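1. pasted the sequence and its predicted model underneath.
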Amino acid sequence: MPNPVDLVSQEPRAVVVMGVCASGKSTFGAQLASRLGCIFHEGDSFHSDANIEKMRGGTPLTDDDRWPWLDHLAAALGASARSGGVAVAACSALKRSYRQRLSASAGVPLRFLMLKAPAEELTRRLASRQGHYMPPTLLASQLAALEEPCAGEPALIMDACRPADELLDEACRWLTCQPSIAAL
């Protein structure tokens, strides 16, 4: 496992931990940022009040709802990476077009770590989650909208049911092998 200090480079870059609701992206993203010694951005905190109310009411967001949110998050992620060398964010990034928008708006190289779990596990996690505005009924719409990263995208898909330490080690190994992010 690379030493986390060795993962920080002179050139700014960022990592987006992605996946549907209850995949563990916020928890894992915060753990990854801690290991890398960098800033973590919780994507949910960048949603507008209107988006939050829409989701709280059980209505899935549209692309038009998401564009300003993605731009706002990407700007913060890019600024943090430029000031600290590296930054991490949690964001669903469900569609390829969303990942492309994040990459274009951040202004720094991005890599994506997708946490994937079976629908049954996600449903179980949602049932035990408290205090979050996203109701379990929106899981189906997120799974339907999800476009998993494909060949050519700078992304790694990981099993969200594995232990966090294993996932962190795997993510750090993968990040150090990526072209133009090898020094991350």
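-> Everything's here; your move.
2. hang on, residue 142 packs against residue 21?
-> Yes: with contact defined as CB atoms under 8 Å, residue 142 counts as touching residue 21 (5.7 Å). Bear in mind the C-beta positions are built from the backbone N, C-alpha and C, glycine included.
3. more neighbours: which of these two?
-> residue 21 (22 against 19; other CB atoms under 10 Å).
4. for this structure, which segments are assigned as strands?
-> 13-18, 39-42, 86-90, 110-116, 155-159 (DSSP state E).
5. residue 170: which of those strands is closest?
-> strand 155-159 (6.2 Å; CB to CB).
6. adjacent strands (with direction) for the closest one?
-> strand 110-116 (parallel) (DSSP bridges).
7. and for residue 34, nearest residue in space, chain neighbours not counted?
-> residue 40 (7.6 Å; CB to CB, 6 or more residues apart in numbering).
8. OK, contacts around that neighbour?
-> Counting by CB atoms under 8 Å, 6 or more residues apart in numbering, residue 40 makes contact with 29, 30, 32, 33, 34, 87, 88, 89, 90.
9. how far away from the center of its chain is the longest helix seen in the chain?
-> Ranked by number of residues, the top helix in the chain under DSSP state H is helix 63-84. Distance of helix 63-84 from its chain centroid, counting by CA atoms, centre = their mean, to the nearest Å, is 12 Å.
10. return that helix as PDB; C-alpha atoms alone will do.
-> Output in PDB follows, covering the C-alpha atoms of helix 63-84 (Å, rounded to 0.1, in the frame of the first residue of the first chain):
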ATOM      1  CA  ASP A  63     -30.900  16.700 -15.500                       C
ATOM      2  CA  ASP A  64     -31.800  20.400 -15.400                       C
ATOM      3  CA  ASP A  65     -32.000  20.100 -11.600                       C
ATOM      4  CA  ARG A  66     -28.600  18.600 -11.500                       C
ATOM      5  CA  TRP A  67     -26.500  20.800 -13.800                       C
ATOM      6  CA  PRO A  68     -26.100  23.700 -11.300                       C
ATOM      7  CA  TRP A  69     -25.500  21.300  -8.500                       C
ATOM      8  CA  LEU A  70     -22.700  19.500 -10.400                       C
ATOM      9  CA  ASP A  71     -21.100  22.800 -11.400                       C
ATOM     10  CA  HIS A  72     -21.100  24.100  -7.900                       C
ATOM     11  CA  LEU A  73     -19.600  20.900  -6.500                       C
ATOM     12  CA  ALA A  74     -17.000  20.800  -9.300                       C
ATOM     13  CA  ALA A  75     -15.900  24.400  -8.700                       C
ATOM     14  CA  ALA A  76     -15.400  23.700  -5.000                       C
ATOM     15  CA  LEU A  77     -13.600  20.400  -5.700                       C
ATOM     16  CA  GLY A  78     -11.300  22.100  -8.300                       C
ATOM     17  CA  ALA A  79     -10.500  25.000  -6.000                       C
ATOM     18  CA  SER A  80      -9.700  22.600  -3.100                       C
ATOM     19  CA  ALA A  81      -7.400  20.500  -5.300                       C
ATOM     20  CA  ARG A  82      -5.600  23.600  -6.600                       C
ATOM     21  CA  SER A  83      -5.000  24.900  -3.100                       C
ATOM     22  CA  GLY A  84      -4.200  21.600  -1.500                       C
END
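11. appreciated, that's everything.
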